[in-house]
Every structure is written in C-alpha cells, then in structure tokens.
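S.K.: Could you work out the structure for the sequence below:
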Amino acid sequence: MPRRMYHDAALAAAVHADPRPASAVSRGVGLAGLAGLLVWIGVARAYGMDGPYAGLMNLVACALPMVLWSLLVDKVHRHPSTGLDWEHPQPWRATLDVSLVKLVGLWTTWAGIALIYATGRFYWDGNYLFAMWCFTTAAPWLVAASIPYVLWLDRRLVEPRDGAWALGAWVTHTAPIDGAAIAGHLRAWGVKAFFLAFMLAIVPPGFAEFIRTPTFGILADPVRLTNWLITLMFVIDVAFATVGYMLTMRPLDAHIRSANPYAAGWMAALICYPPFILMNEGGPLDYHPGTADWTYWFAGHPLALAVVGAVLVGLTAIYAWATVAFGLRFSNLTHRGVITHGPYAWSRHPAYLSKNLFWWLSTIPILSTGSLVDMVRATVLLCVVSGVYYWRARTEERHLSEDAHYRAYSDWMMRNGAVPRFFQRFIGRPAPRAAAT
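M.R.: Predicted coordinates for the structure are as follows:
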C-alpha cells in the first residue's frame, strides 16, 4: 500500500476509534439562518434599505429560518434537555398557582432591569438609544405575551418551579427562600440584560455601513474589498449573536442551563465591553498610540496588501463562523449546550484565537510610527489584551467543565483538535491518547 494511502487509512481508523462528541446544535440551523440573512442583505442592497428597521429585519431574516429548521427538521422541542413533557400536559388549574408566582418573579426581574437601564446614563446616549427604543417599544407586548406563554409552558414543564418561580415565591412569601435558584435566575437575566442592549445598539450602524458601501471598482482595490468583506462578517456575527440573546426559550432547547457563577469569569468578560471596556481609545489597555494599521505598512505593495487582506478576511470569517455554529444559542457567560462542529472541531476557542490573531496582524505593534518606547508599550499592551482573552477562555472552561459532556469534548479536543495538537508539538509535549475501550 502506498505511504499516502496507508496514512489516510490510519487517520480514518483513528477518527472512527475516537469520534468527536455530538454537538448540541446541528450544522443545518446555522446554515439556514445564514441563508435567510444573506437573502435579506441582498434585498436591502438592491433597494437601498439601510435604516434601523432594515437592520431589525436582518435579525428576523436570520432567526426565522433557524426557528423553523430547529422545530421542523431537528425537532429540538422533543429533546429531553428542554425539560418539557409534551405527552402528558398538566391541567391548567394544577399549575396555575405556580404560573402566577412565576409571573411575579419574571416581572420583578424585568422591573429591576428597567431600573438599571433608567439609572445608567450611558444607556441613553449614542447607539444605545436605539436599544432603549427597542426595549420600551417591546415592553408592553412582552408583559402581555408572558402571561399566556408561562401558563402554556408550565403545563408541560416537568419541573415548573424554576428560578423565576423561586424569586416570585420570595417576593410573595409563599415558599422558603431558595437562594441558589434565585441567584442562578438573576445571573442568567443579568447576562441577557447586559449583552442584548449592547448587541442591539450595534446592529443598525454595522448593517448600514455594509449596505451603503459602494462596490464599483472594489475588486481592483484590495483594501476596500477587505474592509467591505470584514464588515459583512461582522454583520453576520452581530445578527446571530443578537438572535441568540433574544431567543433563550425552552421549546427551542435554547434556554440557559446555567450562567457563569464565578466572579473572575464576569470580570474577564465585562472588561471587554462598554461601559467597562479597557481596550477602547484612551483606555488603560489601548495599544494603538504610536502604531499604524496594516494598510500603512504595506502601502504601495498591492500583492502584500492583497495577501494580508485575504488573511484578515479569513480570520474574521472564522470569527463569524464560530458564532454561526451556535445557531440560536450564542451567549457569553452561559452554558446552553456544547458545540463541537465547525471551527469548534479545531479549537475550543476559535473566536478568541482568530480575533487576537486579527489584532496582531492588522496592527503589527512591533512596527511603530513613534519611538522605541511606543513600540514596546504597544506590544506589551497587546500581549495583555491577548492575556485577557486567555483568562476569559479559562474561566469559561471552569464553568462549562461542570458538565460531563463538555469534559468529554475538551478531552477529545486535546487528543484530536488541530490547534491544541499544534501547541503540544510546539512545546514538545506528546498528545494524550484516548482511553482503551
């Protein structure tokens, strides 16, 4: 047998003997959402629809195909992980008291979130104004819709007394305090409140920028083409992420199993987002002073611009792909099922890895427009920024490792993942082997 054929056969046998753990989300979900999103983007560009309502329609075009695929093809509502029993619904009178207490807890949570939004000045400035308009417009409809939804859902829940019920029971003094359940409920809604406001705030500007950018002659200009494609990747990423924060629903099996309970995890994540972000202009981790971007250093060299631009687009595509792979389930600081396909078959943290590589290549901090001190400072600060994302990754692993399925995936990744194996070879450490069966 030729050496090449022998190698392929051995590799196939190894993969069969050590299969990748199943993913909580199918590939079809993300592809369906991507198809709907691209169709709407095409329509919006054709008719020049670049306003905020068109940006919101981009979310609908992304979400609706994913919901339909999840229910009709994957039938996720039948998954045991939903905690729903469709065959034996309870009479509505049997769960009415639980539902009413749960509604009290849910509305108390929303009232607390509204108070935080009203108090935070930054929520009423700049792009956040759009997010606040969305929330104030949707609030009456959500309150009204929550009543039939909770009444309907509780009849089918195996255990309807969840965190919202525990909070409502505490408010109404109808049951002993369950501090753990209340804390878990508030952490989950804290994640949604913080990140959904941010995501909605950045939907319209990114969408408008892509729609408005003229494309005449763009193929002859690698810089324009690179920036346009990168903007498209971010439009895709933002749409999927926003939908993920919106549709945390049990019938879609997209509910939050748990929110990160560790303070270090929250700190590592929050310092990467406004208003706590440390990397912004003028922030303590701003590595940009004394640097210039890749277009400056490679100006006048069309081939170099094209090559570097292609790599940057590829890195951004991996970043967006990592979000698309979640389908309806993207969210920071939460466990909503373990994703093992797409770029997560190569690395446990493909988004963080591609994002940081993008920053290093696009900035090239070892080249400075200022002094040697500026060069050293920029390089050290970007190292710290990358260290922050390593910290985020480790805190996420600590949280997710409480799930045996994630531990199995993590172990498989260390044995088979391209990125972990590369680093193992780089440091001279042999890859671990699968346990014998």
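
S.K.: Enumerate every residue touching residue 409.
M.R.: By Cβ atoms under 8 Å, 6 or more residues apart in numbering, the contact list for residue 409 reads 20-21, 338, 340, 348. (Each C-beta comes from the backbone N, C-alpha and C, glycine too.)

S.K.: now it: how far from residue 329?
M.R.: 15 Å (Cβ to Cβ, to the nearest Å).

S.K.: which regions of the protein sit below the pLDDT cut-off?
M.R.: Along the chain, segments meeting pLDDT under 70 span 1-16, 430-437.

S.K.: try 90 this time
M.R.: 1-17, 422-437 (pLDDT under 90).

S.K.: In it, mark out all the strands, start to finish.
M.R.: For the chain, the strands defined by DSSP state E occupy 258-259, 334-335.

S.K.: Mind putting the ones you listed into a markdown table with mean neighbour count?
M.R.: Shown next, in a markdown table, are the strands of the chain (neighbours: other Cβ atoms under 10 Å):
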| stretch | mean neighbour count |
| --- | --- |
| strand 258-259 | 20 |
| strand 334-335 | 22 |
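
S.K.: quick one: which of those is nearest residue 134?
M.R.: strand 334-335 (21.2 Å; Cβ to Cβ).

S.K.: What strands flank that closest one, and is each parallel or antiparallel?
M.R.: strand 258-259 (antiparallel) (DSSP bridges).

S.K.: Distance from the chain centre to the strand it pairs with, please.
M.R.: Its chain's average C-alpha position is 14 Å from that of strand 258-259, according to Cα atoms, centre = their mean, to the nearest Å.

S.K.: Tell me the buried residues in stretch 359-371?
M.R.: Residues of stretch 359-371 classed as buried by neighbour count (16 or more other Cβ atoms under 10 Å): 359-360, 362-365, 368.

S.K.: same thing with stretch 328-344?
M.R.: Result for stretch 328-344 [16+ other Cβ under 10 Å]: buried residues 328-340, 342-344.

S.K.: Stretch 149-163 too?
M.R.: Buried-residue list, stretch 149-163, by 16+ other Cβ under 10 Å: 149-151, 153-157, 160-163.

S.K.: how long is it from one end to the other?
M.R.: Stretch 149-163 has its terminal residues 16 Å apart, counting by Cα to Cα, to the nearest Å.

S.K.: Which residues does it contact?
M.R.: Counting by Cβ under 8 Å, 6+ apart, 83-86, 89-92, 94-96, 98-99, 102-103, 105-106, 181-182, 184-186, 188, 250-251 sit against stretch 149-163.

S.K.: go again using 7 Å as the cut-off
M.R.: By Cβ atoms under 7 Å, 6 or more residues apart in numbering, the list of residues contacting stretch 149-163 from outside reads 83-86, 89-90, 92, 95, 98-99, 102-103, 181-182, 184-185, 250.

S.K.: Pull out the buried members of those residues.
M.R.: Counted by 16+ other Cβ under 10 Å, the contacts of stretch 149-163 give 83-84, 95, 98-99, 102-103, 181-182, 184-185, 250 as buried.

S.K.: now, which of the buried residues of stretch 359-371 sits nearest residue 232?
M.R.: When the buried residues of stretch 359-371 are compared against residue 232 (criterion: Cβ to Cβ), the nearest one is residue 362, at 16.6 Å.

S.K.: ok, the closest one - contacts?
M.R.: Residue 362 sits in contact with 293-294, 312, where contact means Cβ under 7 Å, 6+ apart.

S.K.: for the chain, which helix is longest?
M.R.: helix 179-212 (DSSP state H).

S.K.: So which elements touch it?
M.R.: Helices and strands in packing contact with helix 179-212 are listed as helix 52-68, helix 92-119, helix 128-154, helix 163-172, helix 222-246, strand 258-259; criterion 3 or more Cβ pairs under 7 Å, 6 or more residues apart in numbering; DSSP states H and E.

S.K.: For residue 379, see how far away the closest residue in space to residue 370 that isn't next to it in sequence is.
M.R.: Of all residues not flanking residue 370 in the chain, residue 290 sits nearest, at 3.6 Å (Cβ to Cβ, 6 or more residues apart in numbering). Here the distance between residue 290 and residue 379 works out to 10 Å (Cβ to Cβ).
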